[in-house]
Structure formats: structure tokens, C-alpha cells
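**Q** Give me the fold of what follows.
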Amino acid sequence: QLQLVESGGGLVQPGGSLRLSCAASGFTLDYYASGWFRQAPGKEREAVLCISSSGGLTNYADSVKGRFTISRDNAKNTVYLLMNNLKPEDTAVYYCAASVARRCHDAPHLTDFGSWGQGTQVTVSS
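**A** Next up is the predicted model:
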């Protein structure tokens, strides 16, 4: 059974940091492109960052450049999202997902990601 489980969300003050984890089971995460997405209240789900099977990175959201980083630990079959200098506008439910494609550039749409986690809430507020 293919499964992705996110963890690490919570309440953080503006300027703070969080690291989200996404543990995969039932498949080998580094065979595929995987990414982090977020959905704020009343908004559509948006792509944030993606990591290809090769380790190449793709940033989809200009608003997180220089603040968010995606990484993967192949031994742990886990992908991470490190978020620094968090802002209130980063408040959202964060999801990880895996694509059947190996490269992020071959998965330009949310529908190209077939396996999704349940999401973890990130709230940035003072």
C-alpha cells in the first residue's frame, strides 16, 4: 500500500522556522519526483517545491525563494521541507506528494502527482 505521512507542522511566530517531514511507505521515494504543496484557506492548492529522482530541485513559488528548501533522505525514504523566516502568508495546510514521473519538469500539474499525504497544518502567527 502506497502511503505518504506528513509531520512537523504547528504554530510558529513570524520569522521562525519549521521542518516538515514526509515519510513514504510501500514504494521507494527516490525513484520518483516528489514535492511539497500547500493550500491556504479559501485558495487553491499550489505547488511549492519539487525534487526529482536525480536530486534536482524545482521551485514553483517565488514567494518562498531563499526561505524554503526541499531535501530527501533516501535511507529514511523521507522528503523534507525546511521553512525559514516564516511569514503569516505561509499559513496553510502543507501536503507532500509523489509523481509517477522521475523529473519535476515532467510533472508540471498537480494531477501529475498521484500519491498524496493527508496534510499538516502550518500556522504562522504572533
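**Q** So Leu49 is in contact with Ala61, correct?
**A** Yes - using C-beta atoms under 8 Å, Leu49 is in contact with Ala61, at 7.5 Å. Backbone N, C-alpha and C define where each C-beta goes, glycine included.
**Q** which of these two has more neighbours?
**A** Ranked by neighbour count (other C-beta atoms under 10 Å), Leu49 and Ala61 place Leu49 first, with 23 against 16.
**Q** what's around the closest residue to that one other than its chain neighbours, how many residues?
**A** Among residues not flanking Leu49 along the chain, Ile70 sits closest, at 4.0 Å (C-beta to C-beta, 6 or more residues apart in numbering). The burial count assigned to Ile70 is 23, neighbours taken as other C-beta under 10 Å.
**Q** Quick one: name whatever helix or strand follows the helix or strand in which Ile70 is found.
**A** Assigned by DSSP states H and E, Ile70 belongs to strand 68-73. Per DSSP H and E, the first helix or strand lying C-terminal to strand 68-73 is strand 78-83.
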